[in-house]
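Engineer: Sequence first, then the predicted structure, then my questions.
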Amino acid sequence: MSKGNGHPYSWSAIFNGYDMEAMQQCGFPVIPDYLSKQRYPEDFISNAQVSHIWTQSLEQSKHIAKASRIEHVVARPEEMIGQIDGVLLARDDAENHLEFARPFLKAGLPVYIDKPMALSVSDAEALFALEQYPGQIFSCSALRFASELLLSDQDRIDIGEISHVTGLVPNSWDKYIIHAIDPILENLGPQGNIEKYSCIKSQDRTAVSLRWESGVTCNLTSLGALPTGIEIQFFGRAGSKKLVFRDSFSAFKKALVRFVDDSVEHPKSHRDRIMAAIDVVEKGALNNYESK
């Protein structure tokens, strides 16, 4: 479990249901809040279960297991191999993803790697080099599937041809900017390589401007500790549309369902989409203070 990331609680609960008393002690008040607004079992995922859990703390693992109704707690992650048919690598410290994913990828198990999968294209390629078959690795920001961050057909008519897009997130670039990148790329589709970019950093804030081969330009900003929501805005000749993220439960559920469908049951490669997103992440994750 990585610091500040409650996904082991929330993702497991979206499959298994949850114990409200234990979940209220998870340390992430937003999780029991949005879970309590759902109907169980109708709103939860019914065709799969989280059956095993490992974290670096046995005490923490037991608490997650109680809160999210997980049957088995293991002392070492490798103990799960042979007992499971997929892995949720639910930690967002990208620098450790290769270490934790390696044994499961080598064992041929599909792995959902939490966002961002890597902070550089070379690190992402190292993970894909361990794939035993296309589609074994699944990774995204769940916000890629957030309905409120997807342009409608009418929105596209109102905007016209999209020429520019902005994305704004709180917290750090490394952990949060993927929440803007993935829904932006989901709306735009493939844009080709990044032709030009610049990066400015100040204290805990990072701002990147870039232009893809398509000609579309993009400004992305992580505001660190400054208060903001997650927002993206599309601009075209005819108008603009601002989209604001609101519904964590629905976004997480859709991403988990897609993992089961696209990696566990019917493997489908997401490599090109993932690599396009990581290419953008890298432009702010490294110490790029000058225009390239």
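Structural biologist: Thanks, I have it.
Engineer: State the distance from the closest residue to Leu143 other than its chain neighbours to Leu88.
Structural biologist: Nearest residue to Leu143, sequence neighbours excluded (CB to CB, 6 or more residues apart in numbering): His179, at 4.8 Å. Using the backbone N, CA and C atoms, a C-beta is placed for each residue, glycine as well. Per CB to CB, to the nearest Å, His179 is found 18 Å from Leu88.
Engineer: hey, where'd the helices end up in the stretch 151-292 of the chain?
Structural biologist: Secondary structure of the stretch 151-292 of the chain (DSSP state H, counting those that start in this stretch): helices at 153-159, 173-176, 178-188, 248-259, 271-285.
Engineer: could I get those as TSV with distance to Phe15, mean pLDDT and mean neighbour count?
Structural biologist: Formatted as TSV, these follow (distance: least, CB to CB, whole Å; pLDDT from 0 to 100; neighbours: other CB atoms under 10 Å):
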stretch	distance to Phe15	mean pLDDT	mean neighbour count
helix 153-159	32	98	13
helix 173-176	24	96	21
helix 178-188	22	98	24
helix 248-259	7	97	20
helix 271-285	23	97	21
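Engineer: Minimum distance to Ala124: which of those helices has it?
Structural biologist: Among these, helix 271-285 comes nearest to Ala124, with 4.6 Å by CB to CB.
Engineer: okay, the angle between the closest one and helix 178-188?
Structural biologist: 130 degrees (axes from the mean of the first three to the mean of the last three CA atoms, to 10 degrees).
Engineer: Please export the C-alpha coordinates of helix 271-285 as PDB.
Structural biologist: This file holds the C-alpha atoms of helix 271-285, laid out as PDB (Å, rounded to 0.1, in the frame of the first residue of the first chain):
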ATOM      1  CA  ARG A 271      -0.100  -0.500 -25.100                       C
ATOM      2  CA  ASP A 272      -0.400   2.300 -27.600                       C
ATOM      3  CA  ARG A 273      -2.800   4.300 -25.500                       C
ATOM      4  CA  ILE A 274      -0.800   3.800 -22.300                       C
ATOM      5  CA  MET A 275       2.500   4.800 -24.000                       C
ATOM      6  CA  ALA A 276       0.900   8.000 -25.400                       C
ATOM      7  CA  ALA A 277      -0.200   9.000 -21.900                       C
ATOM      8  CA  ILE A 278       3.200   8.100 -20.300                       C
ATOM      9  CA  ASP A 279       5.000  10.200 -22.900                       C
ATOM     10  CA  VAL A 280       3.000  13.200 -21.700                       C
ATOM     11  CA  VAL A 281       3.600  12.300 -18.000                       C
ATOM     12  CA  GLU A 282       7.300  12.200 -18.600                       C
ATOM     13  CA  LYS A 283       7.400  15.800 -19.900                       C
ATOM     14  CA  GLY A 284       6.700  17.100 -16.400                       C
ATOM     15  CA  ALA A 285       8.000  14.200 -14.300                       C
END
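Engineer: Which elements pack onto that helix?
Structural biologist: If contacts are counted by 3 or more CB pairs under 8 Å, 6 or more residues apart in numbering; DSSP states H and E, helix 271-285 sits against helix 121-128, strand 137-139, helix 173-176, helix 178-188, strand 194-202, strand 205-212, strand 217-222.
Engineer: quick one: that helix to chain centroid distance?
Structural biologist: In this view, helix 271-285 has its centroid 12 Å away from the chain centroid, taken as CA atoms, centre = their mean, to the nearest Å.
Engineer: ok, and what's touching it?
Structural biologist: Applying CB atoms under 8 Å, 6 or more residues apart in numbering, the contact partners of helix 271-285 are 116-121, 123-125, 128, 134, 137, 139-140, 173-174, 177-178, 181-182, 185, 190-191, 193-194, 197, 199, 201, 206-208, 210, 218, 220, 222.
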